[in-house]
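Peer 1: Could you work out the structure for the sequence below:
(2 chains)
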2 protein chains.
Amino acid sequence: MTDDQESGEPVTGPRPVTRLWTEADLGAGLTLGLDHARAHFLRSVLRLERGAPVALFNGRDGEWLARIEGLGKGWCSLAVEAQRRPQAGAPDLWLAFAPIKRARLDFLVEKATELGCAALQPMMTRHTAVSRVNLERLQANAREAAEQCERLDLPEVRPAADFGKLIDAWPRDRKLLVCAESGAARPIAETLISLRREGPDSAAGPWAIMTGPEGGFARSELDALNDLSFPIKVGLGPRVLRADTAALAAIACWQAILGDGRSRPPLRDGD
Amino acid sequence: MTDDQESGEPVTGPRPVTRLWTEADLGAGLTLGLDHARAHFLRSVLRLERGAPVALFNGRDGEWLARIEGLGKGWCSLAVEAQRRPQAGAPDLWLAFAPIKRARLDFLVEKATELGCAALQPMMTRHTAVSRVNLERLQANAREAAEQCERLDLPEVRPAADFGKLIDAWPRDRKLLVCAESGAARPIAETLISLRREGPDSAAGPWAIMTGPEGGFARSELDALNDLSFPIKVGLGPRVLRADTAALAAIACWQAILGDGRSRPPLRDGD
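Peer 2: Residues are numbered from 1 along each chain as shown, chains lettered A, B, ... in the order given. Sure, this is the predicted structure:
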């Protein structure tokens, strides 16, 4: 095969258009105005012009193709044209995690979003290294990651909760997988595969994955979890993982075995 | 349970000691001298003193407990005492990946190390965004991550290879899993579980996971992979993952299903 220009193009199906999250309703013939920051982004950073396509999603109406109707310094108007993809439900998977330092937290939020988490639940434990969570920053990172990874909704960023209160008030219909750094725990793949074999009562419905802080759960916290019947403790191998690594490894395994890992990216038919 | 000081302690078994990689042989009665940078790290950053324990590993002799025999400005002498853990083999899993921007690459190397990769193979493709790889930086990040995650060896950081040359010279006994962003591919969990069921010929032995660059493989590269009989193309779900996310998700699934995911961290018996 000659290495001509055509074979050099990345094969990703139709060239990916800029995707933007909006809270506005989406439907044929509607017009959207973008805020100053986003207008600036499209015009001065991406250098888009009138007529350029933009994909919009709002978590309700699926993904719609729109076109830039007009733009100028600090404003941009989009004409919504046609639905590109219907709204699809993502698995109802929460990540409950102890906040970590900023750069790592940014990556964790990005990757948890790419890997399809429905909600991010910051959880303050005894050994949580970070005392405050900037929810707006988490939301901004989640939005950017959702736009990039072509998902049709945003993960919900829930207000930080105290660990004790969180598990005291735990909704019992939400199954809970706890990544256990020490002590008895069944390997994650074996656990999830067994649950899947047992059937919907064991495997379907809302789920959450919980990881502890870098310093580990406190004794009292482990005891509290052990006193409950519903947490399922799983192991992630013989190496001691950082909190963010554990979270991402667990989510990846969960999606692959119980989640939507069997689906393909909808708009990528190339190859 | 009262929240007294004891129940507040992180439960991680014996308090984790500082772990250091060394190239030197390890055995009872031997003495090791640390270089200036590491001596400074132990003395001025960690503020360790004479008599403090340090764990050492070299990828050959297992993990040994040593004690600081003496230290001063820019020097440190360790007395090797007793073996803590015998050398254990980690799964022979390579990660072949197109280099990405520095901060992301640092994270990728750290997490690939935590997740037990035996070797990291940078791979230059047509759409690789980064033209040069700093192998020393990769090695330093891998070493730090190996020390932190309590593994007994370092991943080998292989010199960057041209994609075409890499697959032309591919050792046919090393099974190859390719993360496929587009086109036909079987879901990763289903693939790996099937292979495991088929038995050692399908599942055991050396493996590699390959992910493409952010821009995707070029047409010619996909054709080259399709022309070969041995690459196994797998899908990672309906969202389009960044290259580093795809790599980590695939490694996590592989370790959980085919690798050492069934083992527990050896020194963590607490709880």
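Peer 1: show me where the stretch 51-200 of chain A has strands.
Peer 2: In the stretch 51-200 of chain A, the strands defined using DSSP state E, counting those that start in this stretch lie at A:53-57, A:63-72, A:75-85, A:93-97, A:119-124, A:156-157, A:161-162, A:175-179, A:186-187.
Peer 1: Now do the residue of the stretch 51-200 of chain A at minimum distance from chain B: how many residues are near it, please.
Peer 2: Nearest residue of the stretch 51-200 of chain A to chain B (C-beta to the nearest C-beta) works out as A:Gly183 at 3.0 Å. Backbone N, C-alpha and C define where each C-beta goes, glycine included. Neighbour count of A:Gly183, defined by other C-beta atoms under 10 Å in any protein chain shown: 16.
Peer 1: Unless I'm misreading it, it sits right up against A:Gly235, doesn't it?
Peer 2: No. Contact criterion C-beta atoms under 8 Å: A:Gly183 and A:Gly235 do not qualify, at 9.2 Å.
Peer 1: OK, contacts around the residue most central in space within chain A?
Peer 2: By C-alpha atoms, centre = their mean, chain A has its centre lying nearest to A:Thr113, at 1.8 Å. Contacts for A:Thr113 (C-beta atoms under 8 Å, 6 or more residues apart in numbering or on different chains) come out as A:141-142, A:145-146, A:149, A:151, A:154-155.
Peer 1: do the same with A:Leu177
Peer 2: A:Leu177 makes contact with A:188, A:191, A:207-210, A:231-232, A:234, A:250, A:254 under the criterion C-beta under 8 Å, 6+ apart.
Peer 1: Which of those has the largest number of neighbours?
Peer 2: Result: A:Ile188 is most packed of the contacts of A:Leu177 (other C-beta under 10 Å), 31 neighbours.
Peer 1: Could you grab the helix/strand/coil label for the residue nearest to A:Glu147 when sequence neighbours are not counted?
Peer 2: Distances taken as C-beta to C-beta, 6 or more residues apart in numbering or on different chains place A:Arg19 nearest to A:Glu147, at 4.5 Å, with adjacent residues excluded. Each residue gets one of three states, and A:Arg19 gets strand by DSSP: H, G, I helix; E, B strand; the rest coil.
Peer 1: so A:Arg19 sits right up against A:Trp64, yeah?
Peer 2: No. Judged on C-beta under 8 Å, A:Arg19 makes no contact with A:Trp64 at a distance of 10.5 Å.
Peer 1: out of the two, which sits in the more crowded spot?
Peer 2: Ranked by neighbour count (other C-beta under 10 Å), A:Arg19 and A:Trp64 place A:Trp64 first, with 23 against 18.
Peer 1: Which element, helix or strand, includes the residue nearest to that one when sequence neighbours are not counted?
Peer 2: The spatially closest residue to A:Trp64, leaving aside those adjacent along the chain, is A:Leu26, at 4.5 Å (C-beta to C-beta, 6+ apart). Under the criterion of DSSP states H and E, A:Leu26 resides outside all helices and strands.
Peer 1: Name all residues that make contact with A:Leu26.
Peer 2: Residues near A:Leu26 by C-beta under 8 Å, 6+ apart: A:56-58, A:60-62, A:64, A:80, A:83.
Peer 1: For those, work out which two are farthest apart.
Peer 2: Farthest-apart pair in the contacts of A:Leu26 is A:Arg60 and A:Val80; separation 13.5 Å (C-beta to C-beta).
Peer 1: Compare these two (neighbour count), which wins?
Peer 2: Set A:Arg60 next to A:Val80 and count neighbours by other C-beta under 10 Å: A:Val80 wins out with 23 against 11.
Peer 1: give me the number of residues near A:His148?
Peer 2: Actually, residue A:148 is Gln rather than His. Neighbours of A:Gln148 using other C-beta under 10 Å come to 17.
Peer 1: My guess is it contacts A:Thr18. True?
Peer 2: No. Here A:Gln148 does not reach A:Thr18: they are 10.2 Å apart, not a contact under C-beta under 8 Å.
Peer 1: Now do the helices in the stretch 101-250 of chain A.
Peer 2: Along the stretch 101-250 of chain A, counting by DSSP state H, counting those that start in this stretch, helices occupy A:102-114, A:135-149, A:163-168, A:188-198, A:200-203, A:219-227, A:243-257.
Peer 1: average model confidence for the second one?
Peer 2: Yep, that's helix A:135-149 we're talking about. On average, the pLDDT along helix A:135-149 is 97.
Peer 1: buried ones in that helix?
Peer 2: By neighbour count on 16 or more other C-beta atoms under 10 Å in any protein chain shown, the buried set for helix A:135-149 is A:138-139, A:141-143, A:145-149.
Peer 1: And the third one, by the same measure?
Peer 2: By neighbour count on 16+ other C-beta under 10 Å, the buried set for helix A:163-168 is A:163-164, A:166-167.
Peer 1: Average pLDDT for stretch A:185-196, rounded please.
Peer 2: The average pLDDT for stretch A:185-196 rounds to 96.
Peer 1: Which residues does it contact?
Peer 2: Stretch A:185-196 has contacts (C-beta under 8 Å, 6+ apart) with A:177, A:179, A:202-203, A:232-237, A:249-250, A:253-254, A:257-258, B:193, B:253, B:256-257, B:261-262, B:264.
Peer 1: CA atoms only for it, dumped as CSV, please.
Peer 2: The C-alpha coordinates for stretch A:185-196 follow below in CSV (Å, rounded to 0.1, in the frame of the first residue of the first chain):
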residue,chain,number,x,y,z
ALA,A,185,-11.4,-9.6,49.1
ARG,A,186,-12.3,-11.5,46.0
PRO,A,187,-10.6,-10.6,42.7
ILE,A,188,-12.7,-8.1,40.8
ALA,A,189,-13.1,-10.0,37.5
GLU,A,190,-14.1,-13.2,39.2
THR,A,191,-16.6,-11.3,41.3
LEU,A,192,-18.2,-9.4,38.5
ILE,A,193,-18.3,-12.4,36.2
SER,A,194,-20.0,-14.4,38.9
LEU,A,195,-22.6,-11.7,39.5
ARG,A,196,-23.3,-11.5,35.8
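Peer 1: mind listing what A:Arg151 touches?
Peer 2: When the contact criterion is C-beta under 8 Å, 6+ apart, the partners of A:Arg151 are A:57, A:90, A:113-114, A:116, B:239.
Peer 1: Span of stretch A:39-59 from start to end?
Peer 2: Start-to-end span of stretch A:39-59 (C-alpha to C-alpha, to the nearest Å) is 21 Å.
Peer 1: and what of stretch A:162-177?
Peer 2: For stretch A:162-177, the first and last residues are 18 Å from each other (C-alpha to C-alpha).
Peer 1: what pLDDT does the residue nearest to A:Ala52 when sequence neighbours are not counted get?
Peer 2: Leaving aside its sequence neighbours, A:Ala52 sits nearest to A:Ile68 (C-beta to C-beta, 6+ apart; 4.9 Å). A:Ile68 is assigned a predicted lDDT (pLDDT) of 97.
Peer 1: who are the neighbours in contact with A:Ala119?
Peer 2: With contacts defined as C-beta under 8 Å, 6+ apart, A:Ala119 is in contact with A:93-95, A:155-158.
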